[in-house]
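> Give me coordinates for this.
(one chain, ligands or ions: 1)
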Amino acid sequence: MSEATRLPPEPLPVTLLTGFLGAGKTTLLNTLLQQPDMADTAVLINEFGEIGLDHLLVQHFDDATVLLASGCLCCTIRGDLAEGLEQLLRRMDNGAIPPFRRVVIETTGLADPAPILHVLMMHPYLLMRFRLDGVVTVVDAVNGLGTLDAHPESVRQAAISDRIVLTKTDLVDTPARIADLAALRQRLARLAPGAPVLEAAKGEATPAALLGAGLYDPATKIPDVSRWLADEAVSAAEETSRAHAHDENRHDERIRAFTVATDAPVSAAAIDMFLELVRGTHGPKLLRLKGIVKLAEDPEHPLVLHGVQHVLHPPSQLPAWPDDDRRTRLVMIVRDVEPAVIRRLFDAFMGLPAIGQPDRVAMTDNPLAPHTLRR
Ligand SMILES: Nc1nc2c(ncn2[C@@H]2O[C@H](COP(=O)(O)OP(=O)(O)OP(=O)(O)O)[C@@H](O)[C@H]2O)c(=O)[nH]1
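Prediction:
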């Protein structure tokens, strides 16, 4: 056996395609699958309801498409999804289906995508074979505004997206719909400030625009972190939303995207304790966390952090900094948490001075501090 064949296989990118009921996920998937760039794509479809129909609508449906059993996504999906992904790998490894280079998972319209991300982040075997490329959220240009008002899951779907695709803009033809679409764009920009918004009807939702969200570049091994992190877009949106606090929609107010950053190198123990505390106190409210860290112990090899709710992906270290920005930067999307609370914690753990703020030693040496902090 040659050296090359003994190398572990490159993890395959997985794109999560989500969006509310009827938003246009299957239509988009069909359009994408017809593009040459999408050849060698395996598709997993999860459906809600008694009888699965979507697979009949996905024209690509074949042996490389796995239909997941129906059921409540949050409860039963984890096992099904892991099984579905393993089944795809088995079929590929046995030669039953041609090798595929990527996977798209279409969720049900009612799904909270977080449990699906957990499967991809936690399953020991799947972690070796798959990597999350990004979350694409489909939003209906006509009904999207009302859906965000009525269905909290649609707000979560938008908030954790890396790319947003607006569908049905071809139906926006009255002054009322035009005004609604403008308001919808504003809300999306605030909910997911880092996510580019693409219009399907204008042909903007191409594989090139939707895939390769930046975390991983197999060619260089140095990801496009600024694209993935989108921390500047998040900071800009934070400023705007502060300036227009009174315009904020009641539902969206609960979701906040913000960044924390520091120039100073951070010890592995400090970042570990900070994350432990944030997860312990705000777990389910932390919708998403992305970050790059300048480690005091190894400043040339930044650490990449990637989390959904209380679940953190095993951190990976990059071979080098992707660009000139060598600060530690964390982007967080939270629900019902005041960013200032997390900012203060971050400053304390990073040793950044602040008036009236306990420092890390005071917190970790305090006998009343949570057990995990007293190391
Ligand atoms: N006019 C117009 N119709 C669209 C567009 N995208 C989707 N549709 C229509 O919207 C309807 C729902 O689209 P689907 O692709 O089935 O939506 P879905 O998100 O997969 O739906 P569920 O699986 O039920 O959640 C279909 O009738 C589509 O033809 C669009 O950009 N313009």
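
> List the residues that contact residue 82.
Counting by CB atoms under 8 Å, 6 or more residues apart in numbering, residue 82 touches 119, 123, 126. Heads up, the C-betas are built off the backbone N, CA and C, glycines and all.

> near the ligand, which of those show up?
Checking the contacts of residue 82 against the ligand by CB under 6 Å from any ligand atom, not one of them is in range.

> Give me the buried subset of those residues.
Neighbour counting with 16 or more other CB atoms under 10 Å marks 119, 123, 126 as buried within the contacts of residue 82.

> before we move on, the earlier item: relative to the ligand, which of the contacts of residue 82 is nearest.
residue 119 (20.1 Å; CB to the nearest ligand atom).

> before we move on, which element is that closest one in?
helix 114-122 (DSSP states H and E).

> Same check on residue 332?
Using DSSP H and E, the element containing residue 332 is strand 328-335.

> same for that strand, what does it pack against?
helix 152-159, helix 231-243, strand 255-262, strand 286-293, helix 339-349 (3 or more CB pairs under 8 Å, 6 or more residues apart in numbering; DSSP states H and E).

> let's see it at 7 Å
Counting contacts by 3 or more CB pairs under 7 Å, 6 or more residues apart in numbering; DSSP states H and E, strand 328-335 is packed against helix 231-243, strand 255-262, strand 286-293.

> Output the ones you listed as a markdown table; include the columns distance to the ligand, mean neighbour count and mean pLDDT.
Output for the helices and strands packed on strand 328-335, formatted as a markdown table (distance: least, CB to the nearest ligand atom, whole Å; neighbours: other CB atoms under 10 Å; pLDDT from 0 to 100):
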| stretch | distance to the ligand | mean neighbour count | mean pLDDT |
| --- | --- | --- | --- |
| helix 231-243 | 25 | 16 | 74 |
| strand 255-262 | 22 | 21 | 89 |
| strand 286-293 | 21 | 24 | 89 |
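
> To residue 169, which of these lies closest?
When these are compared by CB to CB, helix 231-243 sits nearest residue 169, at 21.7 Å.

> can you give me the helices in the stretch 151-300 of the chain?
152-159, 175-191, 207-210, 225-229, 231-243, 268-282 (DSSP state H, counting those that start in this stretch).

> Out of those, which one sits most buried?
Of all these, helix 152-159 has the most neighbours on average by mean count of other CB atoms under 10 Å, namely a mean of 24.

> tilt between that one and helix 175-191?
70 degrees (axes from the mean of the first three to the mean of the last three CA atoms, to 10 degrees).

> Now look at helix 152-159 and say if it contacts the ligand.
No. For helix 152-159, no contact with the ligand is found by CB under 6 Å from any ligand atom; the gap never falls below 11.0 Å.

> Ranking helices and strands of this structure by mean pLDDT, which lands last?
helix 54-57 (a mean of 42; mean pLDDT, DSSP states H and E).

> Excluding chain neighbours, what is closest to residue 226?
For residue 226, ignoring the flanking residues on the chain, the nearest one in space by CB to CB, 6 or more residues apart in numbering is residue 323 at 6.2 Å.

> and that neighbour, helix, strand or coil?
At residue 323 the chain is in coil, as set by DSSP: H, G, I helix; E, B strand; the rest coil.

> any idea how far it lies from residue 265?
Residue 323 sits 18 Å away from residue 265, going by CB to CB, to the nearest Å.

> Against which helices or strands is the longest strand seen in the chain packed?
For the chain, the strand with the greatest residue count under DSSP state E is strand 130-140. Where contact means 3+ CB pairs under 7 Å, 6+ apart, strand 130-140 is packed against strand 12-19, helix 114-122, helix 152-159, strand 163-167.

> CA atoms only for the last one, dumped as PDB, please.
Just to be clear, that refers to strand 163-167. The C-alpha coordinates for strand 163-167 follow below in PDB (Å, rounded to 0.1, in the frame of the first residue of the first chain):
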ATOM      1  CA  ARG A 163     -25.700  32.400   3.500                       C
ATOM      2  CA  ILE A 164     -29.300  33.600   2.900                       C
ATOM      3  CA  VAL A 165     -31.100  32.900  -0.300                       C
ATOM      4  CA  LEU A 166     -34.200  35.100  -0.900                       C
ATOM      5  CA  THR A 167     -36.800  33.300  -3.100                       C
END
